[in-house]
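Chemist: just to be clear, the model below is a prediction. Sequence and coordinates:
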Amino acid sequence: MSQALHIQLLGGFRLVSDTTPLTTLDSPRLQALLAYLVLHRAMPHARPHLAFRFWPDTTESQARTNLRTLLYRLRQALPHADQFLQIDAQTVQWRAEIHWTLDVADFEDALAQPDQPQHHANPTTQRKALAEAVERYHGDLLPAWYDDWVLLERERLRQLFLTALERLILLLEREGAYTAAIGYAQRLLRHDPLHEATYQHLMRLHMLSGDRASALRVYQTCATVLERELAVTPSPTTRAVYERLLHMEAPPAAASAHPMQLATPRLHNLPSALTSFIGRARERAEVTRLLATTRLLTLTGAGGCGKTRLALVVAGDLVEDYPDGVWLVELAALADGALLPQALGTALEVREEAKRPLLPTLVDALQSRALLLVLDNCEHLIDPCAQLAQTLLSACPQLRILATSREALGLAGETTWLVPSLALPEPHHLPALMELSHVEAVRLFVERAAAALPTFALTPANAAVVAQVCRRLDGIPLAIELAAARVKVVSVETLAARLDDSVRLLTAGS
């Protein structure tokens with residue numbers, strides 16, 4: 001029997017054959033190639049694509065030669081390589097024909113379990129499934145690597161982990177398991193120390209457990225961290241929670257079986273933004289105007305164009321306009337459209353009734369409520385999302401839906417709006433430095449670059465290069481943010497040169 005191969009990418013790269021660590025993949029480039037292939041194993045990869053991905057700074061012929069050499073080394077270093085790798089003259093693909101495991105896949109599989117019907121109807125088993133998923137996240141994906149494809153996948157997995165932690169904390173709170181909930185909330189803050197909503201939640205949990213002193217200390221920690229990292233003070237919401245804590249007595253720990261209200265009921269579940277929202281004033285106003293005239297508005301556009309961020313900002317602007325709140329349903333991690341009602345029920349805290357499908361229960365709960373529903377990332381669930389929207393809008397006259405998707409849902413009465421790229425500097429005219437600093441794409445690049453490298457600033461010496469980078473990236477917000485993060489490892493001039501090389505490689509022979 002062949003030995004099992006275990007690939008670990010969360011928290012760092014590690015390769016194990018059965019129980020024996022393998023050190024044959026001893027170079028970062030070899031490890032990167034293996035990691036890329038297993039994370040993108042669903043399809044074959046053209047050799048030119050891989051060559052460009054791993055050697056963007058070299059000529060096409062040199063990049064192809066480098067790839068051939070690296071593939072040879074990978075086959076030599078990997079046990080049973082021919083049973084894992086399918087390599088021909090045109091493509092390369094990871095295909096597992098013997099037993100192997102990948103910790104990223106294990107984490108995502110575990111993450112899907114809490115939303116299975118057998119768990120969703122039972123909060124206890126759902127909580128256990130979430131705890132299992134959280135324990136399988138052993139750290140950020142390949143934390144020492146800064147390749148663009150790693151950064152994007154790392155952030156996706158990190159957000160899945162943080163969302164799972166938040167759900168687990170809420171379930172524990174509902175069960176009255178405050179000590180366990182506090183432990184997970186502290187863990188959430190270690191991974192996301194600037195998220196004020198978690199500090200607010202942790203303060204409440206300490207009060208529910210009868211520990212007012214710890215609740216007050218949480219506020220002091222929050223204020224210290226925000227001042228040190230962002231030079232800001234806690235938000236009015238966080239300060240209001242703190243003020244209420246100062247003037248109330250802690251309940252006895254043994255008597256705290258029911259959640260106490262430290263604040264008015266939540267009117268939304270929107271996440272707190274960790275970065276500022278740059279520009280988009282016209283887009284923000286237009287989306288707000290359209291939502292007042294249609295009950296189903298879908299923001300469309302390519303990946304990375306900023307659909308989700310724009311939707312969340314507009315939704316946050318409108319919280320006070322909807323008496324029953326604004327509720328976000330994140331669909332990126334949902335693979336099965338049949339579980340859409342469960343995802344919506346989780347967001348709205350509507351539980352499934354015995355011997356009754358969840359969708360009619362949701363309709364009953366929403367029928368007389370005036371609220372805005374944000375369905376984020378619908379593109380892989382177009383038909384199920386369209387059916388859900390049709391059912392809810394037909395039965396719930398005060399409901400409005402704001403959706404984000406790479407394509408429209410295709411419903412009658414739907415309004416679609418294409419999210420544009422950020423405003424760019426003119427290609428043949430470099431404006432004065434002050435004027436350039438107000439161009440949306442440039443503002444985004446400069447702010448994110450300064451977050452990565454605090455000494456970075458827009459200067460007369462680098463202004464033209466920054467403008468060039470933003471134009472090369474077509475004003476796509478995600479691409480600009482990823483590029484800006486690289487200034488801590490390469491100069492902006494080197495970054496621009498690499499982008500130019502990439503464009504030349506992609507267009508060669510066309």
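Modeler: Sure, I can see it.

Chemist: all strands for the stretch 201-350 of the chain, in order.
Modeler: According to DSSP state E, counting those that start in this stretch, the stretch 201-350 of the chain carries its strands in the segments 296-300, 326-330.

Chemist: what residues does the first one touch?
Modeler: When contacts are taken as Cβ atoms under 8 Å, 6 or more residues apart in numbering, the neighbours of strand 296-300 outside the stretch itself are 287, 290-291, 307, 310-311, 378, 389, 393, 400-409, 411, 413-419. All C-beta spots, glycine's among them, are computed from the backbone N, C-alpha and C.

Chemist: so where's the longest helix in this structure?
Modeler: In the chain, taking DSSP state H as the definition, the longest helix is helix 148-175.

Chemist: following element in sequence after that one, please.
Modeler: Next helix or strand after helix 148-175 toward the C-terminus (DSSP states H and E): helix 178-191.

Chemist: just the buried ones among the contacts of strand 296-300, please.
Modeler: Using 16 or more other Cβ atoms under 10 Å as the burial test, these include 287, 290-291, 307, 310-311, 378, 389, 393, 400-405, 408-409, 411, 414, 416-417, 419 as buried.

Chemist: now, which of those lie within strands?
Modeler: Secondary structure defined by DSSP state E assigns 400-404, 416-417 of those to strands.

Chemist: out of those, which is nearest to Leu34?
Modeler: Nearest to Leu34 out of those is Thr404 (Cβ to Cβ; 33.5 Å).

Chemist: didn't the closest one look like it was pressed against Ala311?
Modeler: Yes - with contact defined as Cβ atoms under 8 Å, Thr404 reaches Ala311; the gap is 5.1 Å.

Chemist: what's the overlap in contacts for these two?
Modeler: Counting by Cβ under 8 Å, 6+ apart, the shared contacts of Thr404 and Ala311 are 299, 374, 376.

Chemist: need those residues in CSV (columns: pLDDT and neighbour count).
Modeler: Below are the shared contacts of Thr404 and Ala311 laid out as CSV (pLDDT from 0 to 100; neighbours: other Cβ atoms under 10 Å):
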residue, pLDDT, neighbour count
Leu299, 97, 25
Val374, 96, 24
Asp376, 94, 19
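
Chemist: of the residues you listed, closest to Tyr36?
Modeler: Asp376 (27.0 Å).

Chemist: my guess is the closest one meets Leu331, correct?
Modeler: Yes - between Asp376 and Leu331 a contact is recorded at 6.1 Å, counting by Cβ under 8 Å.

Chemist: hmm, back to that, pick the most deeply packed of the strands of the stretch 201-350 of the chain.
Modeler: Compared across the strands of the stretch 201-350 of the chain, strand 296-300 shows the largest average neighbour count, a mean of 24 (mean count of other Cβ atoms under 10 Å).

Chemist: using PDB, write down the CA coordinates of that strand.
Modeler: Extracted C-alpha coordinates of strand 296-300, given in PDB (Å, rounded to 0.1, in the frame of the first residue of the first chain):
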ATOM      1  CA  LEU A 296     -34.200  44.300  -6.300                       C
ATOM      2  CA  LEU A 297     -30.900  45.900  -7.200                       C
ATOM      3  CA  THR A 298     -28.000  43.800  -8.300                       C
ATOM      4  CA  LEU A 299     -24.500  45.300  -8.400                       C
ATOM      5  CA  THR A 300     -22.500  43.600 -11.200                       C
END
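
Chemist: given it, what are its sheet partners and their directions?
Modeler: Applying DSSP bridges, strand 296-300 is found paired with strand 399-404 (parallel), strand 415-418 (parallel).

Chemist: so the residue nearest to Leu22 when sequence neighbours are not counted is in which element?
Modeler: The shortest distance from Leu22 to any non-neighbouring residue, by Cβ to Cβ, 6 or more residues apart in numbering, is to Leu15 (4.3 Å). Assigned by DSSP H and E, Leu15 belongs to strand 14-17.

Chemist: that strand - contacts with which helices or strands?
Modeler: strand 5-8 (3 or more Cβ pairs under 8 Å, 6 or more residues apart in numbering; DSSP states H and E).

Chemist: sheet-wise, list the partners of the strand it packs on with their directions.
Modeler: Take DSSP bridges as the rule and strand 5-8 pairs in its sheet with strand 14-17 (antiparallel), strand 100-102 (parallel).

Chemist: mind listing what's buried along the shortest one?
Modeler: Across strand 100-102, burial judged by 16+ other Cβ under 10 Å covers 100, 102.

Chemist: average pLDDT for that strand?
Modeler: Across strand 100-102, pLDDT averages out at 91.

Chemist: contacts for it?
Modeler: 4-7, 9, 38, 84.

Chemist: likewise for the first one?
Modeler: The set of residues that contact strand 14-17 without belonging to it, under Cβ under 8 Å, 6+ apart, is 3-8, 21-22, 25, 34, 79.

Chemist: dump the strands paired with strand 296-300 to a markdown table, plus mean pLDDT.
Modeler: Output for these, formatted as a markdown table (pLDDT from 0 to 100):
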| stretch | mean pLDDT |
| --- | --- |
| strand 399-404 | 97 |
| strand 415-418 | 96 |
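
Chemist: tabulate the ones you listed (TSV), appending distance to Ala354.
Modeler: TSV is the format used below for the strands paired with strand 296-300 (distance: least, Cβ to Cβ, whole Å):
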stretch	distance to Ala354
strand 399-404	26
strand 415-418	39
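
Chemist: nearest to Gln62, of those strands?
Modeler: For these, proximity to Gln62 was assessed by Cβ to Cβ; strand 415-418 is nearest, at 39.5 Å.

Chemist: how far does the following helix or strand past that closest one sit from the chain's center?
Modeler: The first helix or strand that comes after strand 415-418 along the chain, using DSSP H and E, is helix 433-436. Helix 433-436 sits 32 Å away from the centroid of its parent chain (Cα atoms, centre = their mean, to the nearest Å).

Chemist: could you look up the SS state of Leu372?
Modeler: For Leu372, the assignment made with DSSP: H, G, I helix; E, B strand; the rest coil gives strand.

Chemist: and the gap between it and Arg53?
Modeler: Plainly put, Leu372 is 40 Å away from Arg53 if you go by Cβ to Cβ, to the nearest Å.
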